[in-house]
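Participant: any chance you could fold what I've pasted below:
(2 chains)
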Amino acid sequence: MLRNSLIAGGLALALSACATAYAGDGPKTASNAAALTPEQADPYPSTYRAYPGRPTALVGATVYDGKGGRIDNGTVLLRDGKLVAVGDASLSTEGYDRIDGTGKFVTPGIIDIHSHLGVYPSPSVSAQSDGNEATAPTTPQVWAEHSVWPQDPGFSRALANGGVTALQILPGSANLMGGRSAILKNVPSRTVQGMKFPGAPYGFKMACGENPKRVYGSKGRMPSTRMGNFAVDRQTWLDAKGYDGKKRDLGKETLKGVLDGKILVHNHCYRADEMAQVIDMAKEMGYRVTAFHHAVEAYKIGDLLKQNDICSAIWADWSGFKMESYDGIPENAALLWKEGACVVIHSDDENGIQRLNQEAAKAQAAGRRMGIVIPDAEVIRWLTLNPAHAMGIDAMTGSLEAGKMADVVLWNGNPLSVYSRPEKVWIDGALLYDADNRKLRPVSDFELGQVGEGDVK
Amino acid sequence: MIRRSLLAAASLAAFASPTMAQDLAITNATVATGDGSEPIQHATVLVRGGKVIAAGPDVAVPQGVTAIDGTGKWVTPGLFASMTTLGLSDVDGVSESNDTAARGSPFGAALDVTPALNPWSQGVAVTRDGGVTRASVYERPASSIFGGQGAVVDLGADPDMVVRPRAFQLVALGEYGARLAGGSRVSAQAELRNALREARQYGADAKLASGKSDPRMVDNGVARGEDALLNRFDAAALVPVVNGEQPLYVHVERDADIRSVLRLKQEFPKLKLVLVGASEGWRAADAIAAAQVPVIADALDDLPASFEQLAATQSNVGRMMRAGVTVAVGNLAGTTGDQPRNLPQFAGNLVALTKIPGASGLSWGQALAAITSVPAQIAGYSGRFGVLKPGAAGDVVIWDGDPLELSTAPERVFIDGVEQPRDNHQTRLRDRYKTLDTSQLPKAYDW
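Facilitator: As a prediction, the model looks like this:
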């Protein structure tokens, strides 16, 4: 593959000389490459359709709308899969089933921007370990959706315990370019297509730092250093810029999609100095980084991230488990928020995805202790509208606004308290989890007929 | 430990802290003693000479004792983190700094974490700042099914971390142990039995006296037979296990594996067993309770992460407790890495389950006990650690609110009555990057 890349690089370099349209000045919409037909551009289309739901009025609860607003004693109306209205107690609920939310809380469905459910499913056995195509440092040609196992029981835990209604499944970080992400509705399905979020753009997973250089360096091949990481990345971009599409190349189609601004870059990167270099590389090559993932040192460059409109998708308090995470601090989110930069709390973990609300609460509290006071409603944005924005689905979901998808969680208490859990979860207006109805809890094929089937989990 | 702390303080004069054990009284606080009871309002905790003297509503503050106004605060015993690797690595992913497992070691059971412990690792400092004052530290089995001998430690900012060396032996059975034993549970079970038999024989032949001395270090020329599989050091280390003087912690998850472990007592009646993991413990809860074997469980495992955890549920701890099993929450593997500072969050989640129909949660008092007095009891320190009662160590944490809640944190931490420093690598980074202004000098000058 290394040899192949170099040969391809030589060819592409010659071509790119006249491909001036791709000079490093930001995403392009126009393109001189042979355009893909709609079937070629979306060959595995979403077959998801909203499940039936009843017109429902949630009344009396505290509502966090996901975009920073809070309504006490609010009313949220759902009908035909959409949010009809979000307001105070004066809204008429005639024609709706009323659910009393007194003492409870309503938020948009929780969104995890960084999950490996399905590609690293439970049970965690090598037969199903499908998240890293770790056979070449750049594999832009692979798509996570071709690895997702829809029967991963983890999806149901994320729904019932975490209130997660949408999530981005990313390839792992062994490779500099790991492949395309899959954005899913957290709806059980026989097929991946039945989970795919209709209209969501693709994401593109990149990684810098320790992982790629370790994985390939240990195989005696490039990259074995951080400078090697950048060299391979840059050459791959240069090669892609010359792609004319006449002979289809799956990897270059993806890279081209990134250069055209249609595919959003999600870049695993821990260290501040490295993120700053990636920002320059993106400018050099003419693409945009949408979000840095893991970003434990983002707090050191909040100004730079703000200036470049890049989100930081982060844990609340993971640190010290590898060298590049050694400077992780619990105040990361709060310091970024103070700088005006975009904060997303992510999981990267089949357990953590069940408690994104708790992780956000810890991050909020760490800020408060250093004098950065962030309102609860603002913190909820880190789990809803901000990830939706960075995933390119914010026009459809991520906040409680009329006309958006009715992806809604009713919590039995303040979601920023350890004592609260989802009570009911709607996805596109369909009630798909109800703590009070044991049959409204998804059980994957894998769990049927086995010990623990249908348990509370 | 107090004496050690004082010595430490003297030798560390260059640092601002730690200082001497203080006599102190925290008054008018919400006090949770850690014994399973619910919190007491407007109570006082009195610590003198490094020990708890009293904790409760009607405690007078003697003259000469520093009074700390606890109004609006919560006070608990220091948390006890069961089954961590604190002090054994700086950065898990940096193999040079990581002493938590030794795949290439010629030893198994003989391994002893004690001489490798580093009280100054950042993991210790960060965890201490989260209110954890004591822990049981283990070595992960890697060269054989035996991980070796773990220690009970304190997290004080002083040079001596060890409270009890060689406090327990750890063995892995189940899937992980099976892989270490050559590829099957069948082999792991044979390896365990053979090891215990060889140890029993060796202990008898060498007349290794029971007691506190380290049996590995006893010189003797006892012949062991040419078919011995264990080396002499490993065999000696297992003598106190087979004699019931040193607890045997057994990592298993599956119902069937748990029952198989409990049956070991028929062949080795003196074994003092502790189950670690036990995701499916609820399915064997009556048997575990009847055998009076305590459990250190990972509280929130609810995925069929492996075929031995198919029945995992967050209700596991609650169901086992209801059946009468002694359960500590610990071993926080898998979720946030080895970050015992999240113990209160995990315990709080078990309280949250009480509001979920069909789930088995814990009362608030039980949840706190599961991260304080119960793990201390399992470690052999009942009434001495993890509890605020007369005679217990002066391990006291003052919190800015309900300690199990996500929004709260310790404000002051005392170990053996010695107030602990709050600064660590993380707090210093936080302070340095409070602003991003580098107009006058680079950040490197801000310290």
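Participant: could you use CA atoms for every contact and neighbour count after this?
Facilitator: OK.
Participant: can you tell me the helix or strand for the residue nearest to the spatial centre of chain B?
Facilitator: In chain B, the C-alpha nearest the mean C-alpha coordinate belongs to B:Ser82, at 2.3 Å (C-alpha atoms, centre = their mean). Using DSSP states H and E, the element containing B:Ser82 is strand B:79-84.
Participant: buried residues in whichever helix or strand comes after that strand, which are they?
Facilitator: Remark: after strand B:79-84, the chain's next helix or strand is helix B:122-129, criterion DSSP H and E. Buried residues in helix B:122-129, defined by neighbour count with 16 or more other C-alpha atoms under 10 Å in any protein chain shown: B:Gln122, B:Gly123, B:Val124, B:Ala125, B:Val126, B:Thr127, B:Arg128, B:Asp129.
Participant: ok, now which ones touch the third one?
Facilitator: Listed by C-alpha atoms under 8 Å, 6 or more residues apart in numbering or on different chains, the contact partners of B:Val124 are B:Leu86, B:Gly87, B:Leu155.
Participant: among these, who's most crowded?
Facilitator: Ranked by the number of neighbours (other C-alpha atoms under 10 Å in any protein chain shown), the contacts of B:Val124 place B:Leu155 first, at 29 neighbours.
Participant: okay, that one: pLDDT?
Facilitator: For B:Leu155, the pLDDT comes out at 98.
Participant: I'd say it and B:Arg128 touch.
Facilitator: Yes - B:Leu155 lies in contact with B:Arg128 (C-alpha atoms under 8 Å); the separation is 6.0 Å.
Participant: how about the residue nearest to the spatial centre of chain A, what does it touch?
Facilitator: For chain A, the residue lying nearest the average C-alpha position, counting by C-alpha atoms, centre = their mean, turns out to be A:Ile113 (1.8 Å). A:Ile113 is in contact with A:Leu167, A:Gln168, A:Ile169, A:Ala313, A:Val344, A:His346, A:Ser347, A:Pro387, A:Ala388, A:Ala390, A:Met391, counting by C-alpha under 8 Å, 6+ apart.
Participant: what about the residue nearest to it when sequence neighbours are not counted, helix or strand, and which?
Facilitator: Excluding the flanking residues, the one nearest A:Ile113 by C-alpha to C-alpha, 6 or more residues apart in numbering or on different chains is A:Gln168, at 5.0 Å. Using DSSP H and E, A:Gln168 maps to strand A:164-169.
Participant: what strands line up against that strand, and which way round?
Facilitator: Pairing partners of strand A:164-169, with direction, according to DSSP bridges: strand A:110-115 (parallel), strand A:182-185 (antiparallel).
Participant: dump those to a markdown table, plus distance to B:Val413 and mean pLDDT.
Facilitator: Putting those into a markdown table (distance: least, C-alpha to C-alpha, whole Å; pLDDT from 0 to 100) gives the following:
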| stretch | distance to B:Val413 | mean pLDDT |
| --- | --- | --- |
| strand A:110-115 | 35 | 98 |
| strand A:182-185 | 45 | 98 |
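Participant: who wins for proximity to A:Ala361 among those strands?
Facilitator: Across those, A:Ala361 has its closest neighbour in strand A:110-115 (13.8 Å, C-alpha to C-alpha).
Participant: what does the very next helix or strand once past the closest one contact?
Facilitator: Going down the chain from strand A:110-115, the next helix or strand is helix A:154-162, by DSSP H and E. With C-alpha under 8 Å, 6+ apart as the test, helix A:154-162 has contacts from A:110, A:117-118, A:121-122, A:164-165, A:186, A:188, A:350, A:353-357, A:421-422, A:425, A:433, A:435, A:441-444, A:457, B:302-303.
Participant: what subset of these is buried?
Facilitator: Buried, going by 16+ other C-alpha under 10 Å: A:110, A:117-118, A:121-122, A:164-165, A:186, A:188, A:350, A:353-357, A:421-422, A:425, A:433, A:435, A:441-444, A:457, B:302-303, out of those.
Participant: next step: those restricted to strands.
Facilitator: Mapping the buried ones among the contacts of helix A:154-162 onto strands (DSSP state E) picks out A:Ile110, A:Val164, A:Thr165, A:Pro422, A:Val425, A:Tyr433.
Participant: I'd like to know how many residues surround A:Ala134.
Facilitator: 17.
Participant: dump stretch A:264-273 to CSV, restricted to CA.
Facilitator: Coordinates of each C-alpha in stretch A:264-273 appear next as CSV, following Å, rounded to 0.1, in the frame of the first residue of the first chain:
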residue,chain,number,x,y,z
LEU,A,264,-17.5,16.6,7.4
VAL,A,265,-14.1,15.9,8.9
HIS,A,266,-14.0,14.4,12.4
ASN,A,267,-10.4,14.4,13.5
HIS,A,268,-9.3,12.4,16.5
CYS,A,269,-6.6,14.6,18.0
TYR,A,270,-5.5,15.0,21.6
ARG,A,271,-2.7,17.6,21.7
ALA,A,272,-3.1,21.3,21.3
ASP,A,273,0.0,21.7,19.2
